[in-house]
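Trainee: 3D model of this:
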Amino acid sequence: MIQETLNQIEQQIGLTLNPCTSFPGIHCLNGASYFNVEIPERVSESLQFMQLLSYSDKYRTIRVEPNGLNRIAIFPA
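Mentor: The predicted structure is shown next:
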């Protein structure tokens with residue numbers, strides 16, 4: 001699930017993301033599965049996060065949320 005979602009994101013918007021090494025694997029929050037990716041800058045200042053939000057709003061195949069200073073939670077649909 002993780003690699004398929006990351007491949008889809010890379011194919012659709014050209015964004016290469018790496019799974020989080022501190023919190024690897026699939027997690028669950030209120031019945032929804034998600035995984036984390038790490039980004040080099042703060043989420044609040046990140047162009048990558050804005051691109052993911054835009055992609056999420058347009059296609060509804062993922063949902064994204066900040067999950068730390070440099071970490072984003074991706075919820076595949």
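
Trainee: the helices in this protein, which residues?
Mentor: Secondary structure of the chain, counting by DSSP state H: helices at 2-13, 47-59.

Trainee: Could I get those helices in a markdown table, plus columns for mean neighbour count and distance to Cys20?
Mentor: Every residue, glycine included, has its C-beta placed from N, CA and C. Shown next, in a markdown table, are those (neighbours: other CB atoms under 10 Å; distance: least, CB to CB, whole Å):
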| stretch | mean neighbour count | distance to Cys20 |
| --- | --- | --- |
| helix 2-13 | 14 | 10 |
| helix 47-59 | 15 | 14 |
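
Trainee: so which of these comes closest to Leu69?
Mentor: helix 47-59 (11.8 Å; CB to CB).

Trainee: How far off centre is that closest one?
Mentor: 9 Å (CA atoms, centre = their mean, to the nearest Å).

Trainee: Mind exporting the C-alpha coordinates of that helix to CSV?
Mentor: Extracted C-alpha coordinates of helix 47-59, given in CSV (Å, rounded to 0.1, in the frame of the first residue of the first chain):
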residue,chain,number,x,y,z
LEU,A,47,6.0,23.5,-1.1
GLN,A,48,5.7,19.6,-1.1
PHE,A,49,2.9,19.7,1.5
MET,A,50,1.0,22.3,-0.5
GLN,A,51,1.4,20.2,-3.7
LEU,A,52,0.1,17.2,-1.8
LEU,A,53,-2.9,19.2,-0.4
SER,A,54,-3.7,20.4,-3.9
TYR,A,55,-3.5,16.9,-5.3
SER,A,56,-5.6,15.5,-2.5
ASP,A,57,-8.3,18.2,-2.9
LYS,A,58,-8.5,17.6,-6.7
TYR,A,59,-8.4,13.8,-7.0
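
Trainee: Give me the packing partners of it, helices and strands only.
Mentor: helix 2-13, strand 62-66, strand 71-76 (3 or more CB pairs under 8 Å, 6 or more residues apart in numbering; DSSP states H and E).
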